[in-house]
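**Student:** quick check, what structure comes out for this input:
(one chain, ligands or ions: 1)
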Amino acid sequence: MLVVGAGPAGSVVAKTIAEAGFSVQIHEEHPVVGLPLACGEGMSLFMLNRFPWAPKEGYPLDIQYISFPGGYRTYSSIEAISVDRTVFDQSLCEMAQNEGAQLNINSSVKKLSKTREGIEATTNHGTTSAKVVIAADGPSSRMMRQMNLPPPEELVQGIEYRIRDLDVEGLQFYFDYTIAPHGYGWIFDKGEGIANVGICLQGAMNPRARLDQFMRVHNIKGEIEQVIAGIIPSSGPVKHCSTDHFMVVGDAGGFTNPMFFGGIGIAMLTGMIAGETAVEALEEDNYSADKLISYSQKVKELPIAAPNLIRAHNLFYHQCNNKDLANIGILTDNQDITHLSWEKKLIIFGRTLRRPRIWGGLSKISKIMEGFRLSRDWGF
Ligand SMILES: Cc1cc2nc3c(=O)[nH]c(=O)nc-3n(C[C@H](O)[C@H](O)[C@H](O)COP(=O)(O)OP(=O)(O)OC[C@H]3O[C@@H](n4cnc5c(N)ncnc54)[C@H](O)[C@@H]3O)c2cc1C
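**Tutor:** Numbers count the residues shown, from 1 in each chain. Sure thing, here's the model as predicted:
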């Protein structure tokens, strides 16, 4: 078995296969696992707790705000921590290696070719073959293109500053499409006066200028220690997650939360399911498309792939303007948008009755709120 990429998805695939006693190699193109960093480092504990063996060290993000234009502020109550992502990725990879997985650093997989027995992978060091290749190579997956499979359809750009000497608390999201079109801004407290402040957006020029604008508007000042940037798949899983001798996991397969775009926990989960499928395939010596499709079926049933959630993503990020965002803020102001009890829904209903101008957009807003509810625990 050959895994391309030593991010959370790849390490969990390799760990799962190795602990079942099978041989697995990880190829990672960078010299150090977990670097360069491209992450806000926020992590849902609901996701993390699915993996009892995973590292749980982090700074608690107990206070959580979601702000909308007009100063409306809803909140969320998702159990979350801010992790040290480099240490986190390295710990997962070490666990895979402790189970017997072989890590090849500085090893970039350039090409995949199908053979009669499986797949031949060409790296910068030569060729190697495997019965199954698992693509865990992140959001701009070259492996998907090598297999002639369509990569994730929609990507947002993310850019973030690591800031020192900043007095903020918890986790804060800011939706304002005049600053972050089709995206949002975030502040994640890391403790000791350090925070990650970033924005993600789509189709806009000069994301860094937008991030500077976000900082100015919210009067965020402090010493910028580091600039972090990357891309994130944003609109749900790819259509084809497997074929004969091949599966795709994590960002490479578009597996992120379509409302908040977080992907660490989902990468681990798809990695675990792909690893279990690979073990079954090895036990049965069957690597056909019909066998590996059981992986696709399982991951397509995950709540993050639910059609309601993808629809909410499309409505929220592509069919709303700032006025719609403000209306969502008006209706949900001071409520937990990710967890509306019947009592809270009645409050929202009362607010709706008093604002006939919102009635026309109500169906859209309620589908979006459902999206926030469904996406609640799946990471940001
Ligand atoms: C700015 C930003 C902020 C984010 N913030 C958060 C957050 O706060 N919380 C959250 O949950 N998610 C966040 N995400 C998303 C999260 O980082 C990803 O969802 C997660 O890293 C996906 O893990 P992965 O293992 O699928 O891919 P990756 O972590 O991208 O790992 C892919 C690995 O494959 C390697 N690789 C790529 N191509 C090859 C090749 N050809 N050969 C060998 N190796 C290769 C890469 O070097 C890399 O190590 C953020 C993303 C960005 C860009």
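**Student:** how many other residues sit next to residue 363?
**Tutor:** 10 (other Cβ atoms under 10 Å). C-beta coordinates here come from the backbone N, C-alpha and C atoms, glycine included.
**Student:** tell me the helices and strands packed up against the one helix or strand it maps to.
**Tutor:** Assessed by DSSP states H and E, residue 363 sits inside helix 362-375. In terms of contacts (3 or more Cβ pairs under 8 Å, 6 or more residues apart in numbering; DSSP states H and E), helix 362-375 is packed against helix 307-318, helix 322-332.
**Student:** can you give me the buried ones in the longest one?
**Tutor:** Judged by neighbour count using 16 or more other Cβ atoms under 10 Å, the buried positions of helix 307-318 are 309-317.
**Student:** also stretch 27-44?
**Tutor:** Result for stretch 27-44 [16+ other Cβ under 10 Å]: buried residues 27-29, 33-34, 37-44.
**Student:** which of those fall in strands?
**Tutor:** 27, 42-44 (DSSP state E).
**Student:** wait, which of these is closest to the ligand?
**Tutor:** Distance to the ligand across these (Cβ to the nearest ligand atom) is lowest for residue 42, with 3.6 Å.
**Student:** return the residues of the stretch 151-300 of the chain in contact with the ligand.
**Tutor:** 158, 160, 198, 228, 230-232, 250-252, 256, 262-264, 267 (Cβ under 6 Å from any ligand atom).
**Student:** nearest to residue 215 among those?
**Tutor:** residue 198 (10.1 Å; Cβ to Cβ).
**Student:** residue contacts, the closest one?
**Tutor:** Listed by Cβ atoms under 8 Å, 6 or more residues apart in numbering, the contact partners of residue 198 are 40, 158-161, 185-186, 211, 228.
**Student:** with residue 136 instead?
**Tutor:** Shown in contact with residue 136 (Cβ under 8 Å, 6+ apart): 3-7, 9-10, 13, 248-250, 252, 267, 271.
**Student:** nearest residue to it other than its sequence neighbours?
**Tutor:** Excluding the flanking residues, the one nearest residue 136 by Cβ to Cβ, 6 or more residues apart in numbering is residue 10, at 3.3 Å.
**Student:** ok, and what's touching the helix or strand containing that neighbour?
**Tutor:** Using DSSP H and E, residue 10 sits within helix 8-19. Defining contact as Cβ under 8 Å, 6+ apart, one finds that helix 8-19 is touched by 1, 3-4, 24, 26, 28, 33, 51, 88-89, 92-93, 95-96, 99-101, 134, 136-137, 249-252, 255, 264, 267-268, 270-272, 274-276, 278-279, 282.
**Student:** try 6 Å
**Tutor:** If you take Cβ atoms under 6 Å, 6 or more residues apart in numbering as the criterion, helix 8-19 is touched by 1, 3, 24, 26, 92-93, 95-96, 99-101, 134, 136, 249-250, 264, 267-268, 271-272, 274-275, 278-279.
**Student:** residue 295 against residue 272, yeah?
**Tutor:** No. Using Cβ atoms under 6 Å as the test, residue 295 is too far from residue 272 to be in contact (10.8 Å).
**Student:** and the two? which has more neighbours close in?
**Tutor:** residue 295 (25 against 18).
**Student:** quick one: buried ones out of the contacts of helix 8-19?
**Tutor:** Using 16+ other Cβ under 10 Å as the burial test, these include 1, 3, 24, 26, 92-93, 95-96, 99-101, 134, 136, 249-250, 264, 267-268, 271-272, 274-275, 278-279 as buried.
**Student:** in helices only, show me those.
**Tutor:** 92-93, 95-96, 264, 267-268, 271-272, 274-275, 278-279 (DSSP state H).
**Student:** could you work out the most separated pair of those residues?
**Tutor:** Counting by Cβ to Cβ, the most remote pair of these is 264 and 279, 23.0 Å apart.
**Student:** how about the contacts made by residue 59?
**Tutor:** 82, 190-191.
**Student:** and of those, the nearest to the ligand?
**Tutor:** residue 82 (8.0 Å).
**Student:** mind giving me the ChimeraX select for the residues of the stretch 151-300 of the chain next to the ligand, buried ones only?
**Tutor:** A single ChimeraX command is used to select the members of those judged buried by 16+ other Cβ under 10 Å:
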select :158,160,198,228,230,231,232,250,251,252,256,262,263,264,267
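**Student:** re earlier: closest to residue 221 among the contacts of residue 198?
**Tutor:** residue 161 (11.3 Å).
**Student:** ok, and the closest non-adjacent residue to the closest one?
**Tutor:** residue 224 (4.7 Å).
**Student:** surely residue 327 and residue 357 touch.
**Tutor:** No. Using Cβ under 6 Å, residue 327 is not in contact with residue 357; the gap is 8.4 Å.
**Student:** okay, these two: which has more neighbours?
**Tutor:** A direct count of neighbours by other Cβ under 10 Å for residue 327 and residue 357 places residue 327 higher, at 24 against 8.
**Student:** what number of residues lie near the nearest residue to that one once chain neighbours are set aside?
**Tutor:** What sits nearest to residue 327 in space, not counting adjacent residues and going by Cβ to Cβ, 6+ apart, is residue 358, at 5.1 Å. Under the neighbour criterion other Cβ under 10 Å, residue 358 is assigned a count of 19.
**Student:** same question, residue 148
**Tutor:** Look at residue 148: counted by other Cβ under 10 Å, it has 8 neighbours.
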